Structures are given as structure tokens and as C-alpha cells.
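# With the input below, show me the fold.
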Amino acid sequence: MSHSKKIETQTKSFDDACWNEHYPKLQQYCRFLAQNAWDGDDIAQETFLKAQRYKGEEHKLSSALLNKIAYHHWIDLLRKRKREVIAAEEGLDQQDGKRAFDMKGHSVELLLSQFTPKQAVIFFLKEGFGYQLKEIALILQTSETAVKSNLHRAKQRLEKDGEPFSTDSFWDEKERNELSELFYKTLEAQDPALLIHALPSLKSVIQKPTYTPKCTLCMAA
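Numbering: from 1, shown residues only. Presented below is the predicted three-dimensional model:
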């Protein structure tokens, strides 16, 4: 039985409208977590199956609930893989194994290593939580065009598996650590507000406009 047929058969107990409303967003979120379509689709399928406990109470289903189920399933999957690697390769250094499956997740490490701070936040909000470009522009106090441009460059870097030049020059080490913690907490709590409320304090993400005395006088005139 094909992958799509299996999903269709296993979800017949759900109302079509419910499936159509929630599954595309869930699939997008799971692919963001796993950073590949195959694992992401498997996580989305398992998540929707687990959600069948709400059969007959579909009004309880929401994107937030499905994302939380998906996140915990993904964490369980990482733990299982970590145990398998340790069992199969006992000779590997334990610290390396721990680093390879850091519970902050591959997704967060990818954002911090491949993108500039602003690109990382934009990609996180757009691909992880489905924010619209206009919404992200308001959050970052910039234009929708600038957001679109940053998102395009970020996706290009992923397609090329990272550009030849480093993004380190765009990062302040203190802010990199703060943003890493914010990404992790936001994923764990499934609450993007945790990240959004902290953004104004991150100068590398939201750059306040500055005016010289000459410009101030011009504006006053």
C-alpha cells in the first residue's frame, strides 16, 4: 500500500474538513522539525493517529495540540535513535554521541549555523509556526519585501547545503546563545510568543533606526 493510501485509510474516522484544515500545517511543521520530508511525513502521520483519541470530540483538535503531540513524538524518536547509535557503536566517544543528538534538535543547530540572525528568526516563524510574511514584517519592524528577500536567501542556502562563506560575522556570541535558548523553549512550549516578546532586545535581529543630529533637524523643519 502506498504512503498516501495508508494515510487515507488510517484517517477515515476523521471528518474531511478537519483533515483538510489541520494536516497541511501539521505536515509543514513536522518537516521543519525533521529537516527532511520523509521523516517529517512519518511524524505527521503518527501524530494524527495519536490524535484519534479525540474521536467524536473533534472540536478539541487544534494546530497547537497537534504540534505538541508531534514535538514529543519527535523527541521520543531522537532518543530512540540515540540509544540505537550508542548500542551499535559502543566505541564512539559518549560526548560526541550526546552532541550528535543534542535535545535542542538538529533544526535549531541548522538555523544558528547556516543563517544570519534575522534569516534564522524569519525561517523559524514562517516554516515552524506558519506566520505570514506580513505578520513577520510587523514583528521585526521591517518591510514585507525585506522579509521575503531574507527568506529566499535562507532557502537558497539550504538548497546549496550552505554557502561557501561563513555567517559568523553577523552573530554576536551572547545573542547566539540567547536565540538558541529561545528557539528551544519556543519549540518545547509550542508558544512562539516566547520568542516574539524577546526579539526587541536582540540588536542583531531588530535594528532600531538611528538619526544623526542633522537628520533630526531636517525632520523638525
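# Okay, helices next: where are they in the chain?
Counting by DSSP state H, the chain has helices at residues 3-10, 16-34, 37-50, 63-88, 94-100, 105-114, 117-123, 129, 133-140, 144-159, 173-189, 193-196, 213-220.
# And those helices, which one averages the lowest pLDDT?
When the helices of the chain are ranked by mean pLDDT, helix 213-220 comes last with a mean of 37.
# hang on, the earlier thing: of the helices of the chain, give the one that comes closest to Ser204.
Evaluated over the helices of the chain, closeness to Ser204 peaks at helix 117-123, with 4.1 Å, by C-beta to C-beta. (C-beta placed from N, C-alpha, C; glycine too.)
# Let me have the helices of the chain in JSON lines, adding distance to Ser204 and mean neighbour count as columns.
JSON lines is the format used below for the helices of the chain (distance: least, C-beta to C-beta, whole Å; neighbours: other C-beta atoms under 10 Å):
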{"stretch": "helix 3-10", "distance to Ser204": "41", "mean neighbour count": "12"}
{"stretch": "helix 16-34", "distance to Ser204": "22", "mean neighbour count": "18"}
{"stretch": "helix 37-50", "distance to Ser204": "29", "mean neighbour count": "18"}
{"stretch": "helix 63-88", "distance to Ser204": "27", "mean neighbour count": "15"}
{"stretch": "helix 94-100", "distance to Ser204": "25", "mean neighbour count": "11"}
{"stretch": "helix 105-114", "distance to Ser204": "12", "mean neighbour count": "18"}
{"stretch": "helix 117-123", "distance to Ser204": "4", "mean neighbour count": "24"}
{"stretch": "helix 129", "distance to Ser204": "21", "mean neighbour count": "22"}
{"stretch": "helix 133-140", "distance to Ser204": "11", "mean neighbour count": "18"}
{"stretch": "helix 144-159", "distance to Ser204": "13", "mean neighbour count": "15"}
{"stretch": "helix 173-189", "distance to Ser204": "5", "mean neighbour count": "17"}
{"stretch": "helix 193-196", "distance to Ser204": "14", "mean neighbour count": "17"}
{"stretch": "helix 213-220", "distance to Ser204": "23", "mean neighbour count": "9"}
